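J.: Would you be able to build a 3D model of this:
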Amino acid sequence: MKLSCDQEKLSKGLGIVGRAVATRTTLPITNNVLLATEQSRLKLAATNLEIAISYWLGAKVEEEGAITIPARLLTDFINALPNERIDISLSPRTRTLELKCARFEGRINGVEAEEFPPIPTIGDGVATKIEPEALRLAIAQVAFAAATEETRPVLTGVKAEFDGDTLTLAAADGFRLAVHQAPLATPVAERTEVIIPARALSELGRLLTEQEEPVEITINPQRSQVLFRLKDVEMVSQLIQGAFPNYNQLIPQSYSTRAEMSLSDLAKAARTASIFAREGSAIVRLQIMPGEETAPGRVVLSARAEEVGDNVGEIDALVEGEESKIAFNSKYLSDVLAVLRQDRVALETTSPSSPGVIRPVGAENYIHVVMPMFVQW
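T.: Next up is the predicted model:
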């Protein structure tokens, strides 16, 4: 192997594939990154056996070849070099990668490319395309609600339903539920449901920041893997097998009280209350009060930490229905408010012991359900 490439592009590529490098593993080779020449480009690839990320960058290739190199060592070294051309050569006999850039050079011992786990290829299956911004918003508004505990593996994933020209993502962790509908740029030929690991979608969300062209999505015929193809990047993820709960049953179909308010006002009040909530039991109480004649309706947020103190915040709201009380985990309330994009938000409640529903006003494609905390009022 003998080639030259740009330090900045190589550094960027290593940063992208580095997200898939294994951290804790029984297979040491997955701590490495694969470097391989491919059609006058340099391919970088990494996998932790759950997800695999490949990245291609332009290079002047003089001799073909492939090697795997410890990812962290290589990345740190490349990042420390000046932004100039890097000459890379591999000694086949010693498996040593030699790198030269300006007045710096380094030699790193590698491991044969044949020992690297094969990166899955998905040629056929259910295929579609989606605009990157639509997919990024869907991931941002849903993935955080998936469970992080492995006790119920299906809940660590996001259910993805491809139906006609609509993609529905849903995640739940037993305490909250997030559902987002996004338009597909290319309709699917058949309705398909899979469970994608939330971690994989979070990584994909990071990759989408610079993407402009539609993202290609392909699910293999066995429904065991999904491929996301971006410009210069491909990510393959294993799919989670199992039955996802029927989340539609968890969405309340009616409410007795609805409060519509400014998102920024509610987020600020929730943030203030969470300062006291975190010192106690992480509970934020919300009291919804209808307006009276000339006075507007209001929502009062309060939090109390027994040994520290308490706080009360009040915001104006358009209130339908009767007076209502509900308490939420402060983190769950702050999490959902952080991903909303609209100026106004609606909170729908039925009773202090029933789930609360949070919806962005003016957007019909997102709903968030939060289980209440049981408190003494």
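J.: what's in contact with stretch 279-290?
T.: The list of residues contacting stretch 279-290 from outside it, by CB atoms under 8 Å, 6 or more residues apart in numbering, reads 257, 259, 270, 273-274, 277, 297-308, 317, 319-331, 333, 347, 349, 373, 375, 377. The way it works is simple: take the backbone N, C-alpha and C, and place the C-beta from them, glycine included.
J.: Show me the residues you listed that map onto helices.
T.: Of these, the ones assigned to helices by DSSP state H are 270, 273-274, 277, 330-331, 333.
J.: Sort out which one of these lies nearest residue 156 for me.
T.: residue 331 (17.9 Å; CB to CB).
J.: Could you report the distance from that closest one to residue 359?
T.: Distance, residue 331 to residue 359, by CB to CB, to the nearest Å: 20 Å.
J.: More neighbours: which of these two?
T.: Set side by side, residue 331 and residue 359 show more neighbours around residue 359, with 20 against 15, by other CB atoms under 10 Å.
J.: got any ranges where this structure has weak pLDDT?
T.: Of all residues in the chain, none has pLDDT under 70.
J.: tell me the SS of the residue nearest to the spatial centre of the chain?
T.: In the chain, the residue lying closest to the centroid (CA atoms, centre = their mean) is residue 202, at 2.0 Å. Recorded secondary structure, residue 202: helix (DSSP: H, G, I helix; E, B strand; the rest coil).
J.: circling back: got a quick ChimeraX command for the buried subset of the contacts of stretch 279-290?
T.: Burial among those is assessed by 16 or more other CB atoms under 10 Å; the matching ChimeraX selection reads:
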select :257,259,270,273,274,277,297,298,299,300,301,302,303,304,305,317,319,320,321,324,325,326,327,328,329,330,333,347,349,373
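J.: And the helices in this protein?
T.: 7-17, 71-80, 132-142, 198-207, 263-277, 330-339.
J.: quick one on the thing from earlier: how much space separates the residue nearest to the centre of the chain from residue 69?
T.: From residue 202 to residue 69 the distance is 26 Å (CB to CB).
J.: and what of residue 104?
T.: Separation of residue 104 from residue 69 (CB to CB): 17 Å.
J.: ok, those two, which is more surrounded?
T.: Comparing residue 104 with residue 69 by other CB under 10 Å, the one with more neighbours is residue 69, at 25 against 13.
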